[in-house]
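Chemist: fold the following and give me the result.
(chains A and B)
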Amino acid sequence: MQHALSLYNTLTRRKEAFEPLHPPFVGVYLCGPTVYNDAHLGNARGPVVFDVLVRYLRHLGYTVRYVRNITDVGHLEGDADEGEDKISKRARAAQLEPMQVAEYYANRYHNHMEALGCLPPDIEPRASGHITEQIGMIEEILANGFAYEVNGSVYFDVPRYNEQHNYGKLSNRVTEELLAGTRDNLAGQDEKRSPLDFALWKKASEAHLMRWPSPWSEGFPGWHLECSAMSRKYLGQTFDIHGGGLDLMFPHHECEIAQSQASHSHSDEARVWMHNNMITVNGQKMSKSLGNFITFNDLFKGGASALSQPYSPMTVRFFLLQAQYRSPIDVSDEALQAARKGYRKLMNGLRLLDKLQLPEGTERAVDTEKADAELRKLVADCFAGLNDDLNTARAIAGLFNLLRKFNGFGANLATLANVSAAALQEATQAYRTLVTDVLGLVDEPRANAEDLLSLTLTFYQEAKATKAYDKVDQIRAALKEQGIVVKDTKAGVDWAYSEE
RNA sequence: GGUGACGUGACCGAGUGGCUAGGUAGAGGUCUGCAAAACCUCCUACAGCGGUUCGAAUCCGCUCGUCACCUCCA
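Modeler: Model (predicted):
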């Protein structure tokens, strides 16, 4: 596979040439949503960025298996000793089955992701459907001596693990410092031997709704376990790329690595760990706890306090891709409005491509070499951007440079004579492929069909009033081709779908 | 307190030693019945102060400021 894609690996803290373990196959795992609440804009960056990564890998010819989980169990809320996970807490308040809540929000999540142009993952495993695998993994970790059971709960023994492995290698932390920074006032620590230890299995309290039998107690799996268990099941003990938000690096991903190492002893789970940066509002991270989040509904339909107007999903996608994924990105009206214009400009370019035809009878220039090279350089710049750690900002900048060329040709088609047909074809093809297939930006129809129709009927009425019956017939025929019949009623002109 | 980032023109955002992206906004022009779009031109910035270097936005030091993680979070 000929390409020059390099990716920044959090594990090694540098960009590395991407080489899959088993070409042409590539395994990608992304930490997915917790479905106890509506997702917000901040939750969109990972899915969008990794969607582009997967699309680009496929463009390069790889066969990608993209796994993105749904967390419908396990992430604790509030004090650990409450033993109540987020799903069941929300469920009781709403008097619903926990799974009903999970299903409801999972569906909404899917709709939003689809609107944002994210391809569905190849496998979307749910934590609740993989309790067996998680229990199996705990048993392995126990057998290897890196976990212990207390009162029906099982904890991962971080200090013990750290004797043989390096807990903190991903997030660059050392256990001593972590210990120093631990707040011992945290509740629910009494069962743990060390404050650094984390739960693999928690015994459920009386009130806890979501519970499964296990060798240790009726309970539920720990927060970090599902990703280790499910990525292993579907991608293997070691796979190519694991992604997630920067805020998951510690402790979540660190614990994942520890669990994987402790269960089968020889793998960092994934070879490349990628972390996307956060979305900020007024310089502060958008988060549920801070309450400064913008929900997709508010974003797409209007109503977010931080924004004066709604923005379409594709505008948002473009906005996210205009920054490199490792940079923080700040949301504001101004930024989104600029993004909207840029996005539309790119789309108008898409519509121009087919019109770039050398007018008949125009002689092609003899020497197109220089112009061809220029065009090819612009295309190469776009790919160079993507190859450089998925720098979509650079790729988009390159596309705009290419577009300026196209627009120049479009303004005077005769100038197409200066480039060869082959070079033009390559360039337009690249533009289309990059925009649509790789960046996943598609044209959002903005014109309202009914409004256009009523406009047409206005002309129809005007034509009738002036007895321009040839025009009247023309309009009626044209609408009929669209499956629409004009109805002249006493009350006025109306329309209906043809029943033919 | 520990760890890690970052500070680029009106706004957003690339760039990590010389070639000084891109989008939006603004100014002028071409085109045009008017307009829009498009194209051309202009506005040329790197928090501050030192240092290294022939040369620094880019490397080093200090100062100031902002943020993230260390607790559920993408």
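
Chemist: stretch A:222-229 and RNA strand B, are they touching?
Modeler: Yes. Applying CB under 7 Å from any atom of the strand, one finds stretch A:222-229 in contact with RNA strand B at A:Trp223. C-beta here means a position set from N, CA and C on the backbone, and glycine is covered the same way.

Chemist: and the contacts of that stretch?
Modeler: Taking contacts as CB atoms under 8 Å, 6 or more residues apart in numbering, the residues outside stretch A:222-229 that touch it are A:29, A:31, A:69, A:71, A:73-76, A:127, A:130, A:133-134, A:136-138, A:154, A:156, A:198-202, A:251-252, A:255-256, A:259-260, A:263, A:269.

Chemist: chain center to it: distance?
Modeler: If you compare the mean C-alpha spot of stretch A:222-229 with that of the full chain, they lie 21 Å apart, counting by CA atoms, centre = their mean, to the nearest Å.

Chemist: likewise for stretch A:249-257?
Modeler: Offset of stretch A:249-257 from its chain centre (CA atoms, centre = their mean): 20 Å.

Chemist: show me what contacts the residue nearest to A:Leu209 when sequence neighbours are not counted?
Modeler: Sequence neighbours aside, A:Ser88 is the residue nearest to A:Leu209 in space, at 4.0 Å (criterion: CB to CB, 6 or more residues apart in numbering). By CB under 8 Å, 6+ apart, the contact list for A:Ser88 reads A:98, A:208-210.

Chemist: of those residues, buried ones?
Modeler: Judged by neighbour count, with 16 or more other CB atoms under 10 Å as the criterion, the buried members of the contacts of A:Ser88 are A:98, A:208-210.

Chemist: could these go into JSON lines alongside pLDDT, secondary structure and distance to A:Ala115?
Modeler: Formatted as JSON lines, the entries for these read as follows, by pLDDT from 0 to 100; DSSP: H, G, I helix; E, B strand; the rest coil; distance: CB to CB, whole Å:
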{"residue": "A:Pro98", "pLDDT": "83", "secondary structure": "helix", "distance to A:Ala115": "26"}
{"residue": "A:His208", "pLDDT": "78", "secondary structure": "coil", "distance to A:Ala115": "35"}
{"residue": "A:Leu209", "pLDDT": "79", "secondary structure": "coil", "distance to A:Ala115": "32"}
{"residue": "A:Met210", "pLDDT": "85", "secondary structure": "coil", "distance to A:Ala115": "30"}
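
Chemist: just give me the closest of those to A:Thr392.
Modeler: Proximity of these to A:Thr392, judged by CB to CB, is greatest for A:Pro98, which lies at 37.7 Å.

Chemist: show me what contacts the closest residue to RNA strand B within chain A?
Modeler: Proximity of chain A to RNA strand B (CB to the nearest atom of the strand) peaks at A:Gly245, 1.7 Å away. Residues in contact with A:Gly245 (CB under 8 Å, 6+ apart) are A:31, A:45-46, A:275-276, A:278.

Chemist: circling back: which pair in the contacts of A:Ser88 spans the largest distance?
Modeler: Checked with CB to CB, the contacts of A:Ser88 reach their widest spread between A:Pro98 and A:His208, with 10.0 Å between them.

Chemist: about what we covered before: RNA strand B next: which of the buried ones among the contacts of A:Ser88 are close?
Modeler: The residues of those that also fall near RNA strand B, by CB under 7 Å from any atom of the strand, amount to none at all.

Chemist: phi, psi of the residue lying closest to A:Asn292 once chain neighbours are set aside?
Modeler: With sequence-adjacent residues excluded and distances taken as CB to CB, 6+ apart, A:Asn292 is closest to A:Val281, at 4.9 Å. According to degrees, to the nearest 10, the main-chain angles of A:Val281 amount to phi -120, psi 120.

Chemist: which parts of the stretch 401-500 of chain A sit against RNA strand B?
Modeler: A:401, A:403-404, A:407-408, A:410-411.

Chemist: at 10 Å instead, please
Modeler: Those residues of the stretch 401-500 of chain A that sit near RNA strand B, judged by CB under 10 Å from any atom of the strand, are A:401-412.

Chemist: inside helices: which ones of the contacts of A:Gly245?
Modeler: Applying DSSP state H to the contacts of A:Gly245, the entries found in helices are A:45-46.

Chemist: neighbour-wise, give me the winner out of the contacts of A:Gly245.
Modeler: Using other CB atoms under 10 Å as the neighbour test, the contacts of A:Gly245 are led by A:Asn276, with 27 neighbours.

Chemist: from memory that residue sits against A:Gly243, does it?
Modeler: Yes. A:Asn276 is within contact range of A:Gly243, at 7.1 Å (criterion: CB atoms under 8 Å).

Chemist: mind listing the shared neighbours of these two?
Modeler: Here A:Asn276 and A:Gly243 have A:46, A:49-50 as joint contacts, going by CB under 8 Å, 6+ apart.

Chemist: near RNA strand B too, which of the residues you listed?
Modeler: When CB under 10 Å from any atom of the strand is taken as the criterion, the members of those that contact RNA strand B are A:46, A:49-50.

Chemist: name the SS class of the residue nearest to A:Leu209, please.
Modeler: Judged by DSSP: H, G, I helix; E, B strand; the rest coil, the three-state class of A:Ser88 is helix.

Chemist: please report how far it lies from A:Ala199.
Modeler: 16 Å (CB to CB, to the nearest Å).

Chemist: just A:Gly61 next, same as before
Modeler: Here A:Gly61 is placed at a distance of 42 Å from A:Ala199 (CB to CB).

Chemist: please apply the same query to A:Tyr62.
Modeler: Shown here: A:Tyr62 relative to A:Ala199, a distance of 36 Å by CB to CB.

Chemist: these two - which one has more neighbours?
Modeler: For the pair A:Tyr62 and A:Ala199, the greater number of neighbours falls to A:Ala199 (26 against 21), based on other CB under 10 Å.

Chemist: pairing partners for the more buried one in the sheet, please.
Modeler: The residues paired with A:Ala199 through beta bridges, assigned by DSSP bridges, are A:Tyr155.

Chemist: and it, what pLDDT?
Modeler: For A:Ala199, the model assigns a pLDDT of 91.

Chemist: so it is in contact with A:Val154, correct?
Modeler: Yes. With contact defined as CB under 8 Å, A:Ala199 and A:Val154 form a contacting pair (7.2 Å).

Chemist: so where's the stretch 101-250 of chain A shaky on pLDDT?
Modeler: A:177, A:179-189 (pLDDT under 70).

Chemist: mind listing the helices for the stretch 251-400 of chain A?
Modeler: If DSSP state H, counting those that start in this stretch is used as the criterion, the helices of the stretch 251-400 of chain A fall at A:254-264, A:296-301, A:313-321, A:333-352, A:369-387, A:392-411.
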